[in-house]
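Novice: what follows is a predicted structure for the sequence shown.
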Amino acid sequence: MLAIELVRPGTVEPDAAAAGRVFELAKEGGLLVGKGGLYGNVLRMGPPLTLSEEEAREGLAILADAIARA
C-alpha cells in the first residue's frame, strides 16, 4: 500500500478538505484511491501486483493532475 498525507501548506495541520477534493478529482479522472487516516487527510493506493509501467505512469499522471487542480 502507498499513501499520501495532505496537510495545509506550511504546516503539519491535516487537510481533510484537500484530500476530499483530490479523491473526487482522481475518481473523475478514472483513478480509484481510498481516503482515510485519523483525520481523513490520507489518500491510500493499493496497486495490483500485475501493474505495468504504463499503467503506473497513467495513474501517476491522473493523481498529479488531481493534486494540482485541488
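Specialist: Everything's here; your move. Numbers count the residues shown, from 1 in each chain.
Novice: use CA for all of it now, contacts and neighbours both
Specialist: Will do.
Novice: the helix ranked longest in the chain: how far from the chain's middle?
Specialist: As assigned by DSSP state H, the longest helix anywhere in the chain is helix 53-69. Centre-to-centre, helix 53-69 and its host chain are 9 Å apart (CA atoms, centre = their mean, to the nearest Å).
Novice: same thing with stretch 36-43?
Specialist: 11 Å.
Novice: stretch 60-70 now?
Specialist: 8 Å.
Novice: related to what we said a few turns ago, quick one: buried residues of the longest helix of the chain?
Specialist: Applying a neighbour-count criterion of 16 or more other CA atoms under 10 Å, one finds G59, I62, L63, A66, I67 buried in helix 53-69.
Novice: against which helices or strands is it packed?
Specialist: Contacts defined by 3 or more CA pairs under 8 Å, 6 or more residues apart in numbering; DSSP states H and E place helix 53-69 against helix 16-28.
Novice: got the CA coordinates for the helix it packs on in CSV?
Specialist: Output of helix 16-28 as CSV, limited to C-alpha atoms (Å, rounded to 0.1, in the frame of the first residue of the first chain):
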residue,chain,number,x,y,z
ALA,A,16,-9.2,16.7,5.0
ALA,A,17,-10.9,19.1,2.6
ALA,A,18,-8.0,18.9,0.2
ALA,A,19,-7.9,15.1,0.5
GLY,A,20,-11.6,15.0,-0.4
ARG,A,21,-11.1,17.3,-3.4
VAL,A,22,-8.2,15.2,-4.7
PHE,A,23,-10.2,12.0,-4.0
GLU,A,24,-13.1,13.2,-6.2
LEU,A,25,-10.9,14.6,-9.0
ALA,A,26,-8.9,11.4,-9.2
LYS,A,27,-12.2,9.4,-9.4
GLU,A,28,-13.4,11.7,-12.2
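Novice: so what strands line up beside the next helix-or-strand element following it?
Specialist: Downstream of helix 16-28, the next assigned helix or strand under DSSP states H and E is strand 34-36. Sheet pairing of strand 34-36 (DSSP bridges) gives strand 42-45 (antiparallel).
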